[in-house]
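Participant: output the structure for:
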Amino acid sequence: MDEQSIKLHKYMSLIFLVVTFSLAIVIYLIIYIHRDVTSKNALIFWIVENHSSILIGLILFSGFIGYISSALTYKIIINTKKESRKLLKMLFLFLSNDEKNIINCLVDNKGTIGQADISRLPNMDRVKAFRSLRKMQAKNLIDIVVHGKIRKISLKDNILNMLTKD
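Facilitator: This next block holds a predicted model:
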């Protein structure tokens, strides 16, 4: 739902930009064509006489519409992020203290750390780290990549993005 709203705001802003740009070009062309001639058409005469005011009005109106569109999109993004953090807090209720410590360590190290570093955490040893990491991998929270004898642990990107402070 939120992604659809963001796309809607994006397309509406694009359409408005194209319409505003087209109006500015039409006004410019009318003024260019009638620059030396007084027109008998009242609308064209009024546009030529007030072209500066019309263009300034279009600029202000497009700025206002752009602000409204960006404010609505920003609000949707913030609400989505708040909902994601609530879901993440609920997820943490189902994790053990060791798993929470591992996730905090991963966040502190920008999402990637070696398994040996995790086994050096307080109240953690190699076996406990291995078992906790296997459980977390089964829960699809982390990825384990083997580089020879070294195992690199990385937190899933979506979880890392939710946990890092803006």
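Participant: for Ile6, give me its contacts.
Facilitator: Thr73, Ile76, Ile77 (CB atoms under 8 Å, 6 or more residues apart in numbering). C-beta here means a position set from N, CA and C on the backbone, and glycine is covered the same way.
Participant: how close does the last one sit to Ser70?
Facilitator: It stands for Ile77. For Ile77, the distance to Ser70 equals 10 Å [CB to CB, to the nearest Å].
Participant: can you list the domains in the chain?
Facilitator: Residue ranges for each domain of the chain read 2-92, 97-163, as given by automatic domain parsing.
Participant: pLDDT averaged over whichever helix in the chain runs longest - what is it?
Facilitator: With DSSP state H setting the assignment, residue counts place helix 51-92 as the longest helix in the chain. Across helix 51-92, pLDDT averages out at 82.
Participant: what's the answer for stretch 102-111, then?
Facilitator: Taken as a whole, stretch 102-111 has a mean pLDDT of 87.
Participant: what sits up against that stretch?
Facilitator: With CB under 8 Å, 6+ apart as the test, stretch 102-111 has contacts from 92, 95, 112-113, 117-118, 121, 129, 132-133, 136, 141-142, 153-155, 157, 159-160, 163-164.
Participant: before we move on, what about stretch 71-91?
Facilitator: Contacts of stretch 71-91 (CB under 8 Å, 6+ apart): Asp2, Ser5, Ile6, His9, Lys10, Ile159, Met162, Leu163.
Participant: flag every buried residue along it.
Facilitator: Neighbour counts over stretch 71-91 (16 or more other CB atoms under 10 Å) mark Leu72, Thr73, Ile76 as buried.
Participant: now stretch 134-154
Facilitator: Those would be Lys135, Met136, Leu141, Ile142, Arg151, Ile153, Ser154, for stretch 134-154 by 16+ other CB under 10 Å.
Participant: out of those, the closest to Thr20 would be?
Facilitator: Nearest to Thr20 out of the buried residues of stretch 134-154 is Ser154 (CB to CB; 45.5 Å).
Participant: hmm, that closest one is touching Gln137, no?
Facilitator: No. Taking contacts as CB atoms under 8 Å, Ser154 lies outside contact range of Gln137: 10.8 Å.
Participant: common neighbours of these two, please.
Facilitator: Shared contacts of Ser154 and Gln137 (CB under 8 Å, 6+ apart): Asp143.
Participant: tell me where this structure has strands.
Facilitator: Counting by DSSP state E, the segments of the chain that form strands are 112-114, 142-147, 150-155.
Participant: could you find the closest non-adjacent residue to Ile142?
Facilitator: When the adjacent residues along the chain are set aside, Ile142 lies closest to Met136, with 4.8 Å between them (CB to CB, 6 or more residues apart in numbering).
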